[in-house]
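Enquirer: Generate coordinates for the sequence data below:
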Amino acid sequence: MKRVTLFSDGSALGNPGPGGYGVILRYGEKEKELSKGFEHTTNNRMELLGVIDGLKALKEPCEVDIVSDSSYVVKGINEWLENWIKKDFKKVKNPDLWREYIEVAKPHKIHATWVRGHAGHKENERCDVLAKQAAEVIKKKG
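Expert: Numbers count the residues shown, from 1 in each chain. All right, here's what the predicted structure looks like:
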């Protein structure tokens, strides 16, 4: 099984407001960047959607190390998801995205790691730039 690192960050200009995500997928020396903007969204939705779309971009089952500055995403994946499923996502924000995450995560072996945002982590900083650029493009269209 290939080992891939998925760096992700999300941004919302206003919460809710225009938003976007930035993702870097790394396998060995190869890297692929993804980003996308949305008209009306929240920071947490963008944080999670970046991870989802990053996983969707993988063409085969992989060991995936998700690196994010979102404790919502990291704790959701590592700690909370099991109970949320048992409770059928009652009182959970963004159940649509968490259900989608479960589906796209199935073929992969996943571990999520939290990193401090805006603290000089090179890939996290790059994902932040991609996310904000995507959000700005949407804001200018509005």
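
Enquirer: which stretches of this protein have low pLDDT?
Expert: Judged against pLDDT under 70, the chain has no low-scoring part.

Enquirer: Quick one: the strands in it, in order.
Expert: Listed in chain order, the strands of the chain (DSSP state E) span 2-12, 17-27, 30-41, 62-68, 109-114.

Enquirer: And the fourth one, what's buried?
Expert: Burial within strand 62-68, assessed by neighbour count using 16 or more other Cβ atoms under 10 Å, is assigned to 62, 64, 65, 66, 67, 68. Bear in mind the C-beta positions are built from the backbone N, C-alpha and C, glycine included.

Enquirer: That strand pairs with which strands, and in what direction?
Expert: Partner strands for strand 62-68, per DSSP bridges, with pairing direction: strand 2-12 (parallel), strand 109-114 (parallel).

Enquirer: can you put those strands in a markdown table and add distance to residue 40 and mean neighbour count?
Expert: Listed next are those as a markdown table, based on distance: least, Cβ to Cβ, whole Å; neighbours: other Cβ atoms under 10 Å:
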| stretch | distance to residue 40 | mean neighbour count |
| --- | --- | --- |
| strand 2-12 | 9 | 24 |
| strand 109-114 | 27 | 15 |
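
Enquirer: my read: residue 45 touches residue 19, true?
Expert: Yes - look at residue 45 against residue 19 with Cβ atoms under 8 Å: they come within range, at 7.1 Å.
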